[in-house]
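> sequence first, then the predicted structure, then my questions.
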Amino acid sequence: MLVSILHRITGGALYVGTLLLAAWLLAAAGPERHFDTVNGIFGSWFGRLVLFGYSWALVNHMLGGIRHLFWDTGGGLEKHTASRLAWAQLGASIVLTILVWIVGYMARGT
Amino acid sequence: MTMASSGKDMRTPLGRVRGLGSAREGTGHFWRQRLTAIANIPLTLFFIGFLISLNGAGYAETRNAISNPFVALVLFLFIISGLIHMRLGMQVIIEDYIHGEGGKLALLVLNTLFTIAIGAAIGFALLKIAFGV
């Protein structure tokens, strides 16, 4: 239940989050001071928190989507299998998101 | 020869499913949702990897990375597939929770306009950077 509604909530969050992507790319397309402003906001602790949430929503929604595609084939619909898959999705999304950020920091530092 | 289907509907069963059948658009929504879902998997993985590679990059380096033809093209595909997918998803959410016809219609219009606006903004930005202007 929880993971199911999370799929909608993360989908909705990603929908609104496209505004962040648009802001970032428009800033990069504009003069350097605009880019530095947006980069500064995204790079602040609050910005990073939002981006962390955004990246988790993206990973979680993608894993949920793969689960749904698997269901479309008729597999994994048995009650216990379905709930195990749901919890695995939640756990994997958190682990993978943290991993992505660790790799990100290791790649560049700061 | 008798007509298989009763009434005045002259369309074939296939025509009803493809076009404006009882569900108004047949399997089109379902199919596009899945098609873009599948496309989004590799595109999203690329996008995450691209952002990781850009962590800490400044103005010139970011623009330079985006203006790479391969990167620009894949980002373009990511945006197109992602926007189609999210518009379909939001449409389902609106149809599920908003029951007044007027409010539903207004939100469905806004949903499409938001998608187009975001697509135009991001598309414009990507092209501008890619062509170095």
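Ah, there it is. Residues are numbered from 1 along each chain as shown, chains lettered A, B, ... in the order given.
> helix or strand for the residue lying closest to residue B:71 once chain neighbours are set aside, which one?
Among residues not flanking residue B:71 along the chain, residue B:65 sits closest, at 6.2 Å (Cβ to Cβ, 6 or more residues apart in numbering or on different chains). Where C-beta positions appear, they are placed from N, C-alpha and C, glycine not excepted. According to DSSP states H and E, residue B:65 maps onto helix B:59-66.
> one step back: contacting residues around the residue nearest to residue B:71?
Taking Cβ atoms under 8 Å, 6 or more residues apart in numbering or on different chains, we find residue B:65 in contact with B:50, B:53, B:54, B:57, B:71.
> most neighbours among those, which one is it?
Using other Cβ atoms under 10 Å in any protein chain shown as the neighbour test, the contacts of residue B:65 are led by residue B:71, with 18 neighbours.
> wait, that residue touches residue B:50, no?
Yes: at 6.6 Å, residue B:71 and residue B:50 qualify as touching, with contact defined as Cβ atoms under 8 Å.
> which parts of chain B sit against chain A?
By Cβ under 8 Å from any Cβ of the partner chain, the part of chain B that sits against chain A consists of B:34, B:37-38, B:40-41, B:44, B:48, B:51-53, B:55-59, B:62-63, B:66, B:82-83, B:86, B:89-90, B:93, B:118, B:121-122, B:124-126, B:128-129.
> what about the strands in chain A?
In chain A, no segments count as strands under DSSP state E.
> any idea of the pLDDT on the residue of it positioned farthest from its centre?
Computed with Cα atoms, centre = their mean, the residue of chain A farthest from its C-alpha average is residue A:31, at 28.4 Å. In this model, residue A:31 is scored at 96, pLDDT.
> likewise for residue B:2?
For residue B:2, pLDDT reads 47.
> what of residue B:17?
At residue B:17, the pLDDT recorded in the model is 63.
> any part of stretch A:75-94 near chain B?
No: on the criterion Cβ under 8 Å from any Cβ, stretch A:75-94 is out of touch with chain B, staying 12.6 Å away.
> so for that stretch, mean pLDDT?
Averaging pLDDT residue by residue across stretch A:75-94 gives 88.
> return the distance of residue A:83 relative to residue B:32.
Distance, residue A:83 to residue B:32, by Cβ to Cβ, to the nearest Å: 29 Å.
> more crowded one of those two?
The neighbour comparison of residue A:83 against residue B:32 (other Cβ under 10 Å) goes to residue B:32, with 16 against 12.
> check which helix or strand covers the residue nearest the centre of chain B.
Centroid check for chain B by Cα atoms, centre = their mean gives residue B:84 as the closest residue, at 0.5 Å. Using DSSP H and E, residue B:84 sits within helix B:69-97.
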